[in-house]
Structures are given as C-alpha cells and as structure tokens.
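Asks: Generate coordinates for the sequence data below:
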Amino acid sequence: MPEPRTAPDARPQDGPAAPGPAATAGRWRIEVDRNVCAGTGLCLGTASRHMRLDNGRARPVEEVVDPDPSVTDAADTCPMEAITVRDAATGEVLAPER
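Replies: Residues are numbered from 1 along each chain as shown. Below is the predicted model of the structure:
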C-alpha cells in the first residue's frame, strides 16, 4: 500500500492540536490559580468528579468539561476565589459570580 502524500513544507506536529471551536462549543473550561488556592478541599466536596488535590492545591481532573452545575458551585464556594469557570469557546466567565 503506498504511503500517504504530504505537502512538501509539511512539518511534524509537536503534539495534539489545541481543541478548536467545534470541540469546545457548549463546554466549560476550569481554571485554578494554584498560587491563590489554600487547599481547603471544598471543591472536592462540591465537584469531586472534576477536582482533585495535587500537592495540597486544587487541580481540575480535566480542563475542558461538559457543563455540570457542581463545577460552578465549586467556583462559587471557593473561599479563596481560586477557581474560575469559563465558556470554553468564548472565554466568558461563568463562575464565580462577581
């Protein structure tokens, strides 16, 4: 079977491409400022499927997730306001409420 052809100037990619608009439409991005996080673990109690502690600081299990009210609840209840939830396609802040 012949090898697939590539453009003469094609370069190998360093890794998977960032998700494009179609992949993130209707999804949320979880961001944690680990310099602000106090490691209280409240987010784990609120959104245990989406958050974990890593070296005493919160970290999302996955950065881009399907909408889940527990994620916005975790951002709204974080005493340090270290968690931000955004619309993954637009960047609009969904939580915490400001």
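Asks: where does the most centrally placed residue in the chain land on pLDDT?
Replies: Nearest residue to the geometric centre of the chain (CA atoms, centre = their mean): Glu63, 2.0 Å. Confidence at Glu63, expressed as pLDDT, is 98.
Asks: swap in Thr24?
Replies: 70.
Asks: Hmm, Arg27 and Ala88 touching each other?
Replies: Yes - if you go by CB atoms under 8 Å, Ala88 and Arg27 touch, sitting 4.3 Å apart. From N, CA and C alone the C-beta is placed, and that goes for glycine too.
Asks: next SSE after the lowest-mean-pLDDT helix or strand in the chain?
Replies: Ranked by mean pLDDT, DSSP states H and E, the weakest helix or strand in the chain is helix 21-24, scoring a mean of 62. Under the assignment DSSP states H and E, the closest C-terminal helix or strand after helix 21-24 is strand 28-32.
Asks: where are the low-confidence patches of the chain?
Replies: Applying pLDDT under 70 to the chain flags the ranges 1-23.
Asks: what about the helices in it?
Replies: 21-24, 42-46, 69-77 (DSSP state H).
Asks: how distant is the longest one from the center of its chain?
Replies: The chain centroid and the centroid of helix 69-77 are separated by 13 Å, computed with CA atoms, centre = their mean, to the nearest Å.
Asks: Against which helices or strands is it packed?
Replies: Packing contacts for helix 69-77, counted by 3 or more CB pairs under 8 Å, 6 or more residues apart in numbering; DSSP states H and E, involve helix 42-46, strand 83-87, strand 93-95.
Asks: Return the most buried member of those.
Replies: Greatest average neighbour count among the helices and strands packed on helix 69-77 goes to strand 83-87 (a mean of 21), per mean count of other CB atoms under 10 Å.
Asks: Can you tell me what sits against stretch 83-98?
Replies: Stretch 83-98 is contacted from outside by 19, 21, 24-33, 43, 58, 64, 71-76, 78, 81, using CB atoms under 8 Å, 6 or more residues apart in numbering.
Asks: Fine, thanks again, bye for now.
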